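Novice: coordinates only, sequence not included:
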C-alpha cells in the first residue's frame, strides 16, 4: 500500500505544479543567465560564398559606437580566390534613411595609393571586415538601414563573383 501512496502523491504534486504554473529547478548549479546585448545579423549565400553583415546590437543612442562586421565565408569545397585592384574600395558600406545615404565608409581616407590585394578562402575559411562608426549628434532618433557589399575585381583564373548587397536595420534613440 505504501508504494501506491508514494506514486499517487508524486502524481498529485506534479498535477498541482502544472495547474499552478510552478517552475522549479532543483539544480543550484543551473543559474538563470544574465541578459546579453542582442546582435543583429543578415546572411546571404550566393555562389557558395556566405556574406554575413552584423552589428553588435539593434538599438543605439546618439554618440555611441556601432561595431559593424562583414564576414565572407567560403561554403564550397574548392578554394575561392578573391581580390581587389589598385586603389579600390574593398567594401561598400553605407547608413541610409528613407533611401538617402547619410554616411559612407571610406577604407582609404588619406587618398594614398593602395596595392592590389588578393586572398584565397579554403573550404570554411573567412575574411572579416570590421568598421566602428560613431553615431554623430546630427542624426535624429529613428530607424536606419545598414547596407554593405564586397567590391571584388576579376583576377585571372578567378570566377566572376558579384557579391549581393546585404542590409539590416538599426534603431537610434536619443
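Specialist: Yep, it's here. What you are looking at is a predicted structure, and each value in this text was computed from that prediction instead of being measured.
Novice: quick check: next helix or strand after the helix or strand hosting residue 143?
Specialist: Using DSSP states H and E, residue 143 sits in strand 142-150. Downstream of strand 142-150, the first helix or strand assigned by DSSP H and E is strand 166-173.
Novice: quick check: buried residues in that following strand?
Specialist: If you call a residue buried by 16 or more other CB atoms under 10 Å, then strand 166-173 has these buried ones: 166, 168, 170, 172. The way it works is simple: take the backbone N, C-alpha and C, and place the C-beta from them, glycine included.
Novice: give me the sheet partners of the strand holding residue 143 and which way each runs.
Specialist: Here strand 142-150 is paired, per DSSP bridges, with strand 91-97 (antiparallel), strand 166-173 (antiparallel).
Novice: out of those, which comes closest to residue 121?
Specialist: strand 91-97 (15.5 Å; CB to CB).
Novice: neighbouring contacts of the closest one?
Specialist: 68, 70, 101-105, 107, 129, 131, 133, 142-151, 165 (CB atoms under 8 Å, 6 or more residues apart in numbering).
Novice: from those, list just the buried residues.
Specialist: 68, 70, 103, 105, 129, 133, 144-150.
Novice: quick one: the helices in this structure?
Specialist: 2-19 (DSSP state H).
Novice: in the sheet, who's paired with residue 72?
Specialist: For residue 72, the beta-bridge assignment (DSSP bridges) gives partners residue 51, residue 127.
Novice: and residue 95, what are its bridge partners?
Specialist: residue 103, residue 146.
Novice: need the pLDDT of it.
Specialist: Model confidence at residue 95, given as pLDDT, is 95.
Novice: how close does it get to residue 169?
Specialist: Distance of residue 95 to residue 169, computed by CB to CB, to the nearest Å: 11 Å.
Novice: just to check, residue 108 is in contact with residue 89?
Specialist: Yes. The pair residue 108 / residue 89 is scored as a contact, 7.1 Å apart, by CB atoms under 8 Å.
Novice: what stretches of this protein score poorly on pLDDT?
Specialist: 1-38, 85-88, 153-161 (pLDDT under 70).
Novice: excluding covalently adjacent residues, which one is nearest to residue 163?
Specialist: residue 150 (3.9 Å; CB to CB, 6 or more residues apart in numbering).
Novice: I figured that neighbour hits residue 70, correct?
Specialist: Yes. Using CB under 8 Å, residue 150 is in contact with residue 70, at 7.3 Å.
Novice: who touches both of these two?
Specialist: Between them, residue 150 and residue 70 share the contacting residues 51, 91, judged by CB under 8 Å, 6+ apart.
Novice: returning to that earlier point: overlap in contacts, residue 95 and residue 169.
Specialist: Common contacts of residue 95 and residue 169, defined by CB under 8 Å, 6+ apart, comprise 144-146.
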